[in-house]
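Engineer: sequence plus predicted model, see below.
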Amino acid sequence: LVVKLLLEAGKADVNSKDIESRTPLLRAAENGHESVVRLLLETGEADVNSKDTEGRAPLSRAAENGHEPVVKLLLGTSKANVNSQDNKSRTPLSWAAKNGHKAVVKLLLETGEAYVNSKD
């Protein structure tokens, strides 16, 4: 895996941002790349709450797209902000619910931290 080689060689900045302020972790979470998310989290350096230009964090993007394994990984860090709001006040829970991702909604609710009365 190219990502693993770059990380091992110390040639990758895990918190670098592209033109949309998206980090490698955010891109991997958004696209459901579980193994890449795991590798980035294992560095201990990836910022799980880094936001892009829309105010979206990795958990928000993964929840929106129904990537249950990635949501589990992010929640497992105990650092991911379950109630992180984007620029339109949407939370990971509201994104998952809006898109009908029941398993992700359940995961977020099971944290006991998800604010269910959030309004966007």
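Structural biologist: Nice, thanks for sending it over. Numbers count the residues shown, from 1 in each chain.
Engineer: count the neighbours of residue 54 for me.
Structural biologist: A total of 14 residues lie near residue 54 under the criterion other CB atoms under 10 Å. (Glycine included, C-beta is placed from N, CA and C.)
Engineer: I misspoke; the intended subject was residue 98.
Structural biologist: 13.
Engineer: contact partners for it?
Structural biologist: Applying CB atoms under 8 Å, 6 or more residues apart in numbering, we find residue 98 in contact with 64, 90.
Engineer: now residue 35: phi and psi?
Structural biologist: Recorded main-chain torsions at residue 35 are phi -70, psi -40, according to degrees, to the nearest 10.
Engineer: and it, how far is that from residue 58?
Structural biologist: Summarising the geometry, the distance separating residue 35 from residue 58, computed by CB to CB, to the nearest Å, is 15 Å.
Engineer: who has more neighbours, those two?
Structural biologist: Taking residue 35 and residue 58 together and counting by other CB under 10 Å, residue 58 has the greater number of neighbours (34 against 12).
Engineer: now do the contacts for that one.
Structural biologist: When contacts are counted by CB under 8 Å, 6+ apart, residue 58 is found next to 23, 25-26, 28-30, 37, 48-50, 70, 74, 80.
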